[in-house]
Structures are given as C-alpha cells and as structure tokens.
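Trainee: Pasted the sequence and its predicted model underneath.
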Amino acid sequence: MDVAGLIFAALAAVLHVYIFMMESLSWTSPRTRAVFGTTAEEAETTKELAFNQGFYNLFLAIVTVVGIAAVALDHNTVGLALIFAGVGSMLAAALVLLLSSPDKARAALTQGAFPVVAVVLLALSL
C-alpha cells in the first residue's frame, strides 16, 4: 500500500472536516463569510443549505477515515474501496464546483488537490 496516498487521503479528510466546521457550525461568522465571500445577509439566507452541505463534507471525510482504518487493519480491499469512494466524491465535487462556477476555481482547486493526489498515488500502488 502506498503510504503517501494514504497520507494525502487523510489530508483530504481533515480539510473536509474543516469545511464541515465552516459550513455547518460557523457559516454566519465574519471569518467564514470572508472565506466564502458572502455578506451577512447572504449567509443568513443560505444558512440551512450550508448546514446540510457541511454534513456532506463530513460524511465524505468519515468514509475516507474508515477506509484508512480498514487498510491499517489489513482489510485492503474494503479500505481502498472506501477511500476511493470518499476521495473520489471529494474530487468529483471539486470538478462540479470548477465547471459550474469558474469564478470559484481557487476553492475548487483547494478542495480537489489532496483528493486528486490521493487517487493517483493509490491507483498507481494497485
């Protein structure tokens, strides 16, 4: 198993937990609004959507971490399937963001960088 690929998968999971925290727990705070470029009014209006979206990010992180744990316990097939499902979905979401909102390219690249490296490294290790 490629340790570097697992590390990048773990970094992707940590980043998505952070995104969860911003979207679901601190969406209307000035700091989070600055990160996402929203006004206080926009943040208040979209609070419920962001709360829900944050949990999607959390669940992808959990799937990835459970996959890493499975690999650590020598359940490589199940572990890799879970990791690829988690980071693959993160990568797909980043691509959707990039294609649907080109003005958010920086956010899409941030969101997708760790997952794409994890996917490539783990695929090469098969």
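Mentor: Perfect, I can see it now.
Trainee: show me what contacts Asp74?
Mentor: By Cβ atoms under 8 Å, 6 or more residues apart in numbering, Asp74 lies in contact with nothing. All C-beta atoms are positioned from the backbone trio N, CA, C, and that covers glycine.
Trainee: do the one 10 residues further on as well
Mentor: Contact partners of Phe84, counting by Cβ under 8 Å, 6+ apart, are Gly67, Val119, Leu122.
Trainee: check which helix or strand covers the last one.
Mentor: In this structure, Leu122 sits in helix 105-124 according to DSSP states H and E.
Trainee: can you give me the helices in this protein?
Mentor: 3-20, 30-36, 40-45, 47-72, 76-100, 105-124 (DSSP state H).
Trainee: any idea which residue sits dead centre in the protein?
Mentor: His16 (3.7 Å; Cα atoms, centre = their mean).
Trainee: dump the residue contacts of it.
Mentor: Asn57, Leu58, Leu60, Ala61, Thr64, Met90, Gln111.
Trainee: same question, Val117
Mentor: Gly5, Phe8.
Trainee: pLDDT below threshold where in this structure?
Mentor: 1 (pLDDT under 70).
Trainee: ok, now how distant is the residue sitting furthest away from the middle of it from Leu60?
Mentor: Distance from the C-alpha centroid of the chain peaks at Glu41, with 26.1 Å (Cα atoms, centre = their mean). For Glu41, the distance to Leu60 equals 29 Å [Cβ to Cβ, to the nearest Å].
Trainee: My read is that Phe114 contacts Leu6, right?
Mentor: No: between Phe114 and Leu6 there is no contact under Cβ atoms under 8 Å: 11.6 Å.
Trainee: Ramachandran angles for Leu73?
Mentor: With angles defined as degrees, to the nearest 10, Leu73 sits at phi -90, psi 20.
Trainee: That one and Gly79: what is the separation?
Mentor: 8 Å.
Trainee: Settle it for me: which of these two has more neighbours?
Mentor: Gly79 (21 against 10; other Cβ atoms under 10 Å).
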